[in-house]
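*Asks:* My questions are about this predicted structure, shown below with the sequence.
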Amino acid sequence: MDIHEYQAKEMLRRFGVNTPRGGIAYSPEQAVYRCSELSGDKWAVKAQIHSGARGKAGGVRICATEEEVAEAAQWMLGRRLVTHQTGPQGKLVNRLYVEEATNIAQEIYLGFVMDRKLERVVVVASAQGGMEIEEISANEPDSIIRSVVDPAVGMQNFQAREIAFQLGLEPALIPAAVKTIIGCYRLMSETDANMVEINPLVVTSANEIVALDAKLAFDDNALFRHPDISELRDKSQEDPRETYASDRGLNYICLDGRIGCIVNGAGLAMATLDMIKMAGGEPANFLDVGGGASPERVLMSFKAVLNDRNVEGILVNIFAGINRCDWIAEGVIRAVKELDLQMPLVVRLSGTNVEEGRKLIADSGLDIITASTLAEAAEKVVGAWKTAHMKEAS
């Protein structure tokens, strides 16, 4: 789960990280009022969307007068900002963050991420901030600093000092940098975050270290431990298809293809996507229906897949261990009838109660194509989809 910049900065402040003063605004009038609250002679007006590269899309403006603030707010609110991270559909701007402008002397990149291979938190930092880490890696690879945190002891002062010195900071700034680095690690550890990114972390002309931007992402599976963080979720920034599925406990990720997938188990789901591509098709989604799936859960899975209007065929691939093939078959039959499915459907069942499941499908009298192996199922669904597509074209 991602949260907005202003929410991330509020959390950072709780852990001792210095951020500029600011306030949220939902209208141009509120944005101007925030300026009067902050005082000063310059302000940054920032669109709050779940995407980087907002500045390149016009989502960040430095304003010197209240009129400029009102104009910037008027332009941003209600607009869909398109960045390379949002895709062509963009993200809707329904709130702004107005903060005091900062005089920047130096920009730094500071990020904390989970390295799945090492099973450790890794600090990634660079003295070349203000760019995305991919740009820094391509343009200034030697500037990237990596430091692995031992989970047994956590981030220690000496390790944070090493990072600060490697960034080339002045000795007088080292204590503030150490406080910032340890604060970010504590935030990540105590909130079950997957990522903490400050880009840029700046040294101001007043020789202070300030988090000028912030991005946090949290482990969905740990949110039950953090109801206060769950409340920060903004569904308007999410793909409605993925929101529908996640609200019903389904592991679903939307893709760009035409063949919908309903599979049990993440590994089998990934293999199914690969087999569809090898057969000449393109998968429309990743969907893990989970263990112990009831007929009702199978029906919900069909609804989640069909929320994508690009889907023109469906492959159900179940290897039942905890699941039961007869339950899956009942759910498939119910889905075809209740949803009036009018597209190719291929079902491959294997494992617990497989004969009962196959018999239910055979006796249903419905137009359901069956397969014994994954390779056969992939070939059949792609072939049926191509045939149906050719008929429509003719």
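*Replies:* Okay, I see it. None of these values were measured; they are calculated from a predicted model.

*Asks:* my guess is residue 284 meets residue 307, correct?
*Replies:* No: Residue 284 lies out of contact with residue 307 (Cβ atoms under 8 Å); the separation is 10.5 Å. All C-beta atoms are positioned from the backbone trio N, CA, C, and that covers glycine.

*Asks:* Between these two, tell me which one has more neighbours.
*Replies:* Using other Cβ atoms under 10 Å, the more surrounded residue of residue 284 and residue 307 is residue 284, with 26 against 19.

*Asks:* mind listing what the more buried one touches?
*Replies:* 254-261, 305, 308, 310-311 (Cβ atoms under 8 Å, 6 or more residues apart in numbering).

*Asks:* From residue 304, how far out is it?
*Replies:* 11 Å (Cβ to Cβ, to the nearest Å).

*Asks:* how about the helices in the stretch 201-350 of the chain?
*Replies:* 227-230, 240-247, 266-278, 295-306, 325-338 (DSSP state H, counting those that start in this stretch).

*Asks:* helices and strands of this structure: which one has the lowest mean pLDDT?
*Replies:* helix 133-139 (a mean of 80; mean pLDDT, DSSP states H and E).

*Asks:* Could you list every helix and strand in contact with that helix?
*Replies:* Helices and strands touching helix 133-139, by 3 or more Cβ pairs under 8 Å, 6 or more residues apart in numbering; DSSP states H and E, are strand 104-115, strand 120-126, strand 144-149.

*Asks:* what angle separates the last one from strand 104-115?
*Replies:* Meaning strand 144-149. 50 degrees (axes from the mean of the first three to the mean of the last three Cα atoms, to 10 degrees).

*Asks:* Buried residues, strand 144-149. List them.
*Replies:* For strand 144-149, a neighbour-count test (16 or more other Cβ atoms under 10 Å) marks 145, 147, 149 as buried.

*Asks:* same question, the second one
*Replies:* Burial within strand 120-126, assessed by neighbour count using 16+ other Cβ under 10 Å, is assigned to 121, 123-126.

*Asks:* Direction included, what does it pair against?
*Replies:* strand 104-115 (antiparallel), strand 144-149 (antiparallel) (DSSP bridges).

*Asks:* what's that strand in contact with?
*Replies:* The set of residues external to strand 120-126 that reach it, using Cβ under 8 Å, 6+ apart, is 108-115, 133, 136, 140, 143-151, 155, 163, 166-167, 181, 185, 188-189.

*Asks:* what about burial for those residues, which qualify?
*Replies:* 108-113, 133, 136, 143, 145, 147, 149, 155, 163, 167, 181, 185, 188-189.

*Asks:* for the stretch 101-250 of the chain, which spans come out with low pLDDT?
*Replies:* Within the stretch 101-250 of the chain, not a single segment meets pLDDT under 70.

*Asks:* so what's residue 167 closest to, chain neighbours aside?
*Replies:* When the adjacent residues along the chain are set aside, residue 167 lies closest to residue 127, with 5.0 Å between them (Cβ to Cβ, 6 or more residues apart in numbering).

*Asks:* so the one you found touches residue 136, yeah?
*Replies:* No: the pair residue 127 / residue 136 is not scored as a contact, 9.6 Å apart, by Cβ under 8 Å.

*Asks:* okay, and the common contacts of these two?
*Replies:* Common neighbours of residue 127 and residue 136, counting by Cβ under 8 Å, 6+ apart, are residue 143.

*Asks:* distance of residue 332 from residue 122?
*Replies:* In terms of Cβ to Cβ, residue 332 sits 44 Å off from residue 122.

*Asks:* my bad, residue 333
*Replies:* 48 Å.

*Asks:* Please tell me the pLDDT value assigned to residue 13.
*Replies:* For residue 13, the model assigns a pLDDT of 97.

*Asks:* I figured it was touching residue 20, is that so?
*Replies:* No: in this structure residue 13 lies outside contact range of residue 20 using Cβ under 8 Å: 10.5 Å.

*Asks:* which of the two has more neighbours?
*Replies:* Taking other Cβ under 10 Å, residue 13 and residue 20 do not tie; residue 20 has more neighbours (19 against 13).

*Asks:* Which of the helices or strands spans the closest residue to the more buried one other than its chain neighbours?
*Replies:* Leaving aside its chain neighbours, residue 20 sits nearest to residue 99 (4.6 Å; criterion: Cβ to Cβ, 6+ apart). Element membership for residue 99, per DSSP states H and E: strand 96-100.
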